[in-house]
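Engineer: Dropping the sequence and predicted coords here.
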Amino acid sequence: MDVDELELRTHVRPPDWRNPTPREPYHLLIIGAGPAGLVAARGAAALGARVALIERSAIGGDCLNYGCVPSKTLIRSARLYADMRNAENFGVRAPHDIEVDFAMAMQRMRRIRARISRLDSAARLVAEGIDVFFGTGRFTSGDSVDVDGIQMRFKKAMIATGSRPALPNIPGLTEAGYLTNETVFDLNVLPKSLLVIGGGPLGCELAQAFSRFGSRVVIVHDEPLFLPKEERDAAQMVSNALARDGVEVHLNTRVVSVRIEDGNKIVETLNDGNAATITVDHILTGIGRAPAVDGLGLTAAGVAFDAQTGIQVDDFLRTSNPRIFAAGDVCLEHKFTDTADASARIVVRNALFMGRARMSKLVIPWCTYTDPEIAHVGMYVKQARERGIPVKSFTVPMHSVDRAIADGEEEGFVKIHVREGTDKILGATIVARHAGDMINGMTLAMVAGIGLSTVARTIHTYPTQAEAIKKAADAYMRTRLTPWIARLSRWWIRR
Ligand SMILES: Cc1cc2nc3c(=O)[nH]c(=O)nc-3n(C[C@H](O)[C@H](O)[C@H](O)COP(=O)(O)OP(=O)(O)OC[C@H]3O[C@@H](n4cnc5c(N)ncnc54)[C@H](O)[C@@H]3O)c2cc1C
């Protein structure tokens, strides 16, 4: 174990940890110390509650240990390599033999992960007044929990056990061996070839990153386009970007079996009835997430759940046991760290302060961190039409934005949807190198009820890529220039 791994362990799972004596009953007992559990524990403790936080593996959950942090850190290194290979387009003569040192990139990832872990270390949580227990939490009744033999009672509890990788049912896959997000970040040697199964955010992000590092990457997705939720033009851009980076894209394709031959993984696929064989040395599965509901004693606690969709909650995030709430991946359709955070805040208000905060009131943005990034907030056109809402869209291609041209980052667009005849923003999709940052302005506008005409009146710094948003708002303003107003204006000027 290197020094960074050691630092991470010291923060997220200290080897010499001794669980405290319970100070029961806890005002809020939380199972799972991922983003949702951490936010609720800190919020509740700061407000004076007695809080127990139970974690069976590592503080930080998926996000810190096997998700957002390692993936985004690695994506950054891969982007640098891609930029360096493109240096001459920027008037920089880079050596032709730029070398990717994958082990060094992984070391950087571990260093950064360890550094970020300081913010959520067990010692820090204790200093904030939280009782931290390492062990597996299991309900023994509607108001008690067992943590590896330690019994404790609670007034309110929150289930924040997150999710785990869903595994495809493919004959031979288990025997052949495969990577998931829980193991891929342990690699130290760059795979020569990698098959990625699943074209969701995880699959697309890591396929592009590994291809940029120099692996031969094949991605197989059983639908006609990646990122099935996204608008088709946005999803098509991801497909093009992966292909441009050298990823072999197999859409409408299903993996039917895997076997080992001479140490290689031989993968049989079917595309519209056509069989093909792909030979790789590693397979990464990214077909989705399954809620972590096993072994929690949910029946003993009277908490209704479904193995596919997770803990059943109402709009206030209350489970079928009114003392018990849930937050984050274990109960939500949107499995993101920011949403886990927002849902945990709702639970603190509703569980401890008789609040009536509703999940359905949240405006939830998300982003897939490919290059270019795809970010979205609010409704898609299709959803608006399904609900009978008349919708008008304003689209600005990034190649018409000065800063995007100057940056050589012209791929993408900003598309904003409004309720037809009004400036009410219904949703937005942004495809751009920094779409994840750009979408935040749109989310703020939607939360604050700011219309597109106010966005048009807002000065955007020049030159920035976010100016594309202002241009879309200007396009909306031009539609307000009705023939009658145009005639009036001409008359006024010429009078
Ligand atoms: C590769 C990858 C990249 C991602 N990138 C992003 C991104 O860029 N942006 C984004 O917003 N989201 C991203 N996500 C999603 C994000 O990681 C999750 O949505 C987020 O971690 C969910 O937080 P959570 O607290 O609900 O659950 P988790 O983070 O899963 O934490 C749950 C915790 O509960 C613990 N636990 C489970 N059962 C028990 C038990 N019985 N007793 C005690 N403890 C238990 C687990 O050990 C875990 O630590 C990514 C996910 C992956 C896999």
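Structural biologist: That came in fine, so what should we check first? Numbering: from 1, shown residues only.

Engineer: ok, the residue nearest to the spatial centre of the chain to the ligand distance?
Structural biologist: In the chain, the C-alpha nearest the mean C-alpha coordinate belongs to residue 336, at 4.3 Å (C-alpha atoms, centre = their mean). Look at residue 336 and the ligand: by C-beta to the nearest ligand atom, to the nearest Å, they are 3 Å apart. To be clear about C-beta, it is placed using only N, CA and C from the backbone, and glycine gets the same treatment.

Engineer: I'd guessed that residue sits against residue 369; true?
Structural biologist: No - Residue 336 lies out of contact with residue 369 (C-beta atoms under 8 Å); the separation is 11.7 Å.

Engineer: In the stretch 201-350 of the chain, which residue sits nearest the ligand?
Structural biologist: Proximity of the stretch 201-350 of the chain to the ligand (C-beta to the nearest ligand atom) peaks at residue 328, 2.1 Å away.

Engineer: Pull the contacting residues for that residue.
Structural biologist: 32, 34, 35, 36, 37, 160, 162, 339, 340, 343, 344 (C-beta atoms under 8 Å, 6 or more residues apart in numbering).

Engineer: Same check on residue 251?
Structural biologist: 199, 221, 223, 224, 225, 226, 239.

Engineer: Just send the residues you listed back as a markdown table, with secondary structure and neighbour count too.
Structural biologist: A markdown table is the format used below for these (DSSP: H, G, I helix; E, B strand; the rest coil; neighbours: other C-beta atoms under 10 Å):
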| residue | secondary structure | neighbour count |
| --- | --- | --- |
| 199 | coil | 28 |
| 221 | coil | 26 |
| 223 | coil | 13 |
| 224 | coil | 11 |
| 225 | coil | 18 |
| 226 | coil | 28 |
| 239 | helix | 21 |
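
Engineer: Can you read off the pLDDT for the residue of the stretch 201-350 of the chain closest to the ligand?
Structural biologist: Per-residue confidence (pLDDT) for residue 328: 98.

Engineer: Can you tell me the closest non-neighbouring residue to it?
Structural biologist: Nearest residue to residue 328 in three dimensions, chain neighbours excluded: residue 36, at 3.1 Å (C-beta to C-beta, 6 or more residues apart in numbering).

Engineer: closest point of the stretch 101-250 of the chain to the ligand, which residue?
Structural biologist: residue 162 (2.0 Å).

Engineer: That residue against residue 296, yeah?
Structural biologist: No - here residue 162 lies out of contact with residue 296, judged by C-beta under 8 Å, at a distance of 11.7 Å.

Engineer: Neighbour count: those two, which is higher?
Structural biologist: Each of residue 162 and residue 296 has its neighbours counted (other C-beta atoms under 10 Å); residue 162 has more, 26 against 22.

Engineer: Contact partners for the more buried one?
Structural biologist: With C-beta under 8 Å, 6+ apart, residue 162 has these contacts: 32, 34, 36, 61, 62, 291, 292, 328, 329, 330, 340.

Engineer: can we see that at 7 Å?
Structural biologist: 32, 34, 61, 62, 292, 328, 329, 330 (C-beta atoms under 7 Å, 6 or more residues apart in numbering).

Engineer: residues from the protein in reach of the ligand?
Structural biologist: 31-37, 54-58, 61-63, 67-68, 71-72, 136-137, 160-163, 181, 202, 292, 296, 328-329, 335-338, 340, 369 (C-beta under 6 Å from any ligand atom).

Engineer: of these, buried ones?
Structural biologist: Buried by 16 or more other C-beta atoms under 10 Å: 31-37, 54-58, 61-63, 67-68, 71, 136-137, 160-163, 181, 202, 292, 296, 328-329, 335-338, 340, 369, out of those.

Engineer: So which of those sit within strands?
Structural biologist: 31, 54, 55, 137, 163 (DSSP state E).

Engineer: so residue 82 makes contact with residue 210?
Structural biologist: No - if you go by C-beta atoms under 7 Å, residue 82 and residue 210 don't touch, sitting 12.0 Å apart.

Engineer: Comparing those two, which residue is more hemmed in?
Structural biologist: Neighbour totals were compared for residue 82 and residue 210, and residue 210 leads with 27 against 17 (other C-beta under 10 Å).

Engineer: OK, contacts around the more buried one?
Structural biologist: Counting by C-beta under 7 Å, 6+ apart, residue 210 has contacts 191, 194, 217.

Engineer: same deal with residue 154?
Structural biologist: Residue 154 neighbours (C-beta under 7 Å, 6+ apart): 25, 26, 29, 143, 145.

Engineer: Go again with 10 Å.
Structural biologist: Contact analysis of residue 154 by C-beta atoms under 10 Å, 6 or more residues apart in numbering lists 22, 24-30, 50-52, 139, 142-145, 323-324.

Engineer: Stretch 130-148: which residues count as buried?
Structural biologist: Buried, per 16+ other C-beta under 10 Å, within stretch 130-148: 130-134, 136-139, 143-147.

Engineer: biggest helix in this protein by residues?
Structural biologist: helix 68-85 (DSSP state H).

Engineer: Go through it and flag the buried ones.
Structural biologist: For helix 68-85, by 16+ other C-beta under 10 Å, it's 68-71, 73-75, 77-79, 81-83.
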